[in-house]
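> have a look at this fold, sequence not included:
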Ligand SMILES: [Zn+2]
Ligand SMILES: [Zn+2]
């Protein structure tokens, strides 16, 4: 196999839906299938199509705390979507392919570290699972994730908020006008990973010109500066001008230009619900861009060049925001962290998380240990309540793969202490240094453990 | 009684089956005059058998394969309507090609109409260049054939005597570039195919055979031998399909086996999984051109008994070329067959000559004859076993688009390696030992291909795609598109409609009795929701008559169906 090929896994899950009329239904990638099959894309010499595979329960536990267990939150379709991204990750690292596109559903970028249920059509976070897998299996450390979905990639942000080795950039429709209502410029990462999270909330109606401005002036220079070993693109397609959920005005051509410029190693499909008018064209254009092929013949039937004019007001607003973010990025190592995050052994934040698909409300207290030697372990106290049901309380400890010995030991002590406390239904331990995951069920007095 | 005849490039093989038993076999040289070699083969197997007892005759042939290989067909002009998508630079074929503006989308909606002047300009140009055959192919023509029909009728109106072939009638699956190639090759071979049909008819009439006559397809199914129905290109590679079916018939039902057909210069590999020959997941490639022809997964490895073996420096190499027969049979250079002869694994040719051949290779390296022979045989086996492993890997890695397809993926290992073809006997034991299987060389292995033809059964498929929002449906195999009459039109209605079409198709093929048992191989339902309202459904349903063969040889039992 030539190192020049682009790997594809196409998993439209034609027999899986959240419900028959939900946007995440069987039909979602039907016309994309039609388009790429009719074009003969899989026969192109630059393309290699891989078979999907299943992720293991441990692959999920390495990234998430699924309540109560992985099995209760994921279906086989989720394991296949996640597993397919892992397959392409392996193939890229092994040098079988130059880059890969997991055109899979269900999506995942709204899934956070703790999973009480489905939110924003997502149960588990495919990109985050991929990152932790690449680290464990292939020794990758620094990763950049660029989220081009119209919705803020709040799940990915949550998982890597304290990780200095993951650069997360999300540009999306302004959270004041769309789910999940977050992703503002002041969300910049925790004390140990300051400015490794950058959010670019774009005003509704933003078109290609501004999109490209953000890409050229912010995304590309920052990613280059970060020097990641791997670049991942969370390729949501709901910024398209025909998307029924978003209000943006990007075109398929612009998505392809962005892909060509970013040169991601791995692209993972996220949202995008204009299943007829956008997805067939964007997906085709992205594939061609990854393969280094000519995508200038790909065009939406109702598009003509110059159809969308950018308002000068919108543009200058975005230009200012880009300048401000660039400055934050440039000065990221000179800021007074104590002034921003306070002093003390732990930095903590309180979160209220709403699971729009499953109507669950979660209250979370997240603490990260401030350690001079490592990013510090994370402690999470969470209470999830689905109406009329008894709330579920959990306590979870996550030890990052960069953790120092002291942090690791302390984390295990805390785990043992909390197992003894009556308040929590489940206590979890996720030790990424040894790739060990444990879960304790208070009621049953039972402990499970998985190892990679 | 059934007759199977394989019309190959060098030999015409025939068998007569009587109640699952081989009654007679014949191998006669093929001549340019198809009729005379057919008559010769028929006469050999039908000695003392009255023609009225012959219920059916099935042919397999390499005729179309050879025509394409030798490019012995009239030029075909291409009129393509690709519309937006891939760059038009991709559509380069070795013939006059005209790309005209126009577009249909995945739902069959017209996005850009055709202009008559563009068609006329292309036709005029083709006419000036002397073309009289045209293939008209549009992207998404299988969802809406309007544009292809417009082109065809315009061409016919301008030149009634021209032959026009339309993509949607030839290649119904989604894949525009493959449709273009398949349509072009169909157009190119249609005339020659009719000639073959006439010759066969003539030979059978002369011997008073009035049973049903079929021709084997690349997928191991059959179609009635008829000039009008069917697509000649589907008979391409029916030779390897025949061998595979032959092995299937010669093994007990339900076996998993690797079929190794070792010929002079190539070795064909096929898989039988749980008793069924494996179908290729994509259409067959025909001399580097990708088509939509459904075919058994047969892998051709360029090594055989006559392959050239040479010493280069301190290395011994096996090449894919053939320079002539093996040295022991008077050929110019050493071959794997000579190595087998030295090792006593075959009785072919002169032992003395074979030793000479090995000595030529081994002396400069200080190796004995048997050392060299062992090395050569090992090299051939290495090549073949590696390809067998790759075939299994490829099969395991076939893409899957549904959850159930991913979950049912199995790993299957063969229990036996079955050898057919001239070179099989010498290699098969060692190939089997290498991959941990039992070696089998079935009785009648030399005429396995003719047996395969004799036992082949028609498999008829119908793929229905109904779009209730648009109110129309298409039948992939028929190139048909029509209105949905029933309202509401549910999943069961769609299934019923598909089965009705299967019945119609069976009648058209004279196979009315085949549809007692049908199976549904795909049943996808897509609910269309627009602006939060369900606006329709797309049903994608595939029904077929069961795959199988009419009998297993030697068991005396009839019918696996
Ligand atoms: Zn989205
Ligand atoms: Zn530490």
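Arrived safely, thanks for sending. The structure displayed is predicted, hence computed values, not measured ones. Ligands and ions are numbered 1, 2, ... in the order given.

> per-domain residue ranges of chain A.
Structural domains annotated on chain A: A:6-330, A:344-451, as defined by automatic domain parsing.

> can you list the residues of the stretch 1-150 of chain A near chain B?
Proximity of the stretch 1-150 of chain A to chain B (CB under 8 Å from any CB of the partner chain) is limited to residues A:9-16, A:20-21, A:23, A:25-27, A:30-31, A:33-35, A:37-43, A:49-54, A:75-77, A:80. For every residue, glycine as well, the C-beta is placed using N, CA and C.

> what subset of the residues you listed is buried?
In the residues of the stretch 1-150 of chain A next to chain B, burial by neighbour count holds for A:9-14, A:16, A:23, A:25-27, A:30-31, A:33-35, A:37-43, A:49-54, A:77, A:80, counting by 16 or more other CB atoms under 10 Å in any protein chain shown.

> quick check: helices, which of those are part of them?
A:30-31, A:33-35, A:37-38, A:77, A:80 (DSSP state H).

> out of the residues you listed, which comes closest to ligand 2?
Using CB to the ion, residue A:80 comes nearest to ligand 2 of those, at 36.3 Å.

> looking at it, the closest one is touching residue A:51, isn't it?
No: applying CB atoms under 8 Å as the test, residue A:80 and residue A:51 come out as separate, 10.2 Å apart.

> right, and the domains of chain A - which one's nearest residue B:364?
domain A:6-330 (39.6 Å; CB to CB).

> helix, strand or coil for residue 245?
All of this refers to chain A. Three-state call for residue A:245 (DSSP: H, G, I helix; E, B strand; the rest coil): coil.

> looking at chain B here, not the other one
Under three-state DSSP, residue B:245 comes out as helix.

> how about it, what does it touch?
Contacts for residue B:245 (CB atoms under 8 Å, 6 or more residues apart in numbering or on different chains) come out as B:216, B:220, B:277, B:451-453, B:455-456, B:549.

> again, only this time at 7 Å
Neighbour list for residue B:245: B:220, B:277, B:452, B:455-456, B:549 [criterion: CB atoms under 7 Å, 6 or more residues apart in numbering or on different chains].

> farthest pair within the residues you listed?
Largest pairwise distance in these, by CB to CB, is 11.9 Å, between B:277 and B:455.

> what about these two, which has more around it?
More crowded of residue B:277 and residue B:455, by other CB atoms under 10 Å in any protein chain shown: residue B:455, with 26 against 23.

> for the residue sitting furthest away from the middle of chain B, give me the pLDDT.
The C-alpha centroid of chain B is most remote from residue B:366, which lies 46.7 Å away (CA atoms, centre = their mean). Looking at residue B:366, its pLDDT is 92.

> distance of it relative to residue B:359?
12 Å (CB to CB, to the nearest Å).

> and residue B:460, by the same measure?
58 Å.

> can you give the contact residues for the helix or strand hosting residue B:448?
Using DSSP states H and E, residue B:448 sits within helix B:448-455. Residues from elsewhere that reach helix B:448-455 (CB under 7 Å, 6+ apart): B:2-6, B:13-15, B:17, B:22, B:58-60, B:216, B:239, B:242-247, B:249-250, B:420, B:444, B:549-551, B:553.

> if we go to 8 Å?
Against helix B:448-455 from outside (CB under 8 Å, 6+ apart): B:2-6, B:8, B:13-17, B:22, B:25, B:58-60, B:216, B:238-239, B:241-250, B:261, B:420, B:442, B:444, B:549-551, B:553.

> in strands, which of those fall?
Counting by DSSP state E, the contacts of helix B:448-455 place B:2-6, B:13-17, B:22, B:25, B:58-60, B:216, B:261, B:420 in strands.

> and residue B:64, what is it in contact with?
Per CB under 8 Å, 6+ apart, neighbours of residue B:64: B:189, B:192-193, B:232-233, B:235-236.

> could you identify the most distant pair in those?
B:192 and B:236, at 12.3 Å, using CB to CB across those.

> who has more neighbours, the two?
residue B:236 (28 against 16).

> next SSE after the one helix or strand residue B:433 maps to?
Assigned by DSSP H and E, residue B:433 falls within helix B:424-434. Using DSSP H and E, the helix or strand that follows helix B:424-434 towards the C-terminus is strand B:438-440.

> pull out the buried residues from that next one.
B:439-440.

> over to the residue lying closest to residue A:237 once chain neighbours are set aside. Which of the three states is it?
Counting by CB to CB, 6 or more residues apart in numbering or on different chains, the nearest residue to residue A:237 once its immediate chain neighbours are dropped is residue A:272, at 2.9 Å. Under three-state DSSP, the three-state class of residue A:272 is coil.

> the stretch 351-452 of chain A: strands as residue ranges?
A:360-369, A:378-386, A:392-399, A:426-431, A:436-441, A:446-451 (DSSP state E, counting those that start in this stretch).

> and what of the stretch 1-150 of chain A?
Under DSSP E, counting those that start in this stretch, the stretch 1-150 of chain A gives strands at A:6-11, A:47-49, A:65-66, A:99-104, A:114-115, A:143-147.

> residue B:226 is nearest to which of these?
That would be strand A:47-49 among these, by CB to CB, at 36.7 Å.

> how far does that closest one sit from its chain's centre?
Centroid separation for strand A:47-49 versus its chain: 24 Å, with CA atoms, centre = their mean, to the nearest Å.

> repeat that for stretch A:276-290.
Worked out by CA atoms, centre = their mean, stretch A:276-290 lies 20 Å from the chain centre.
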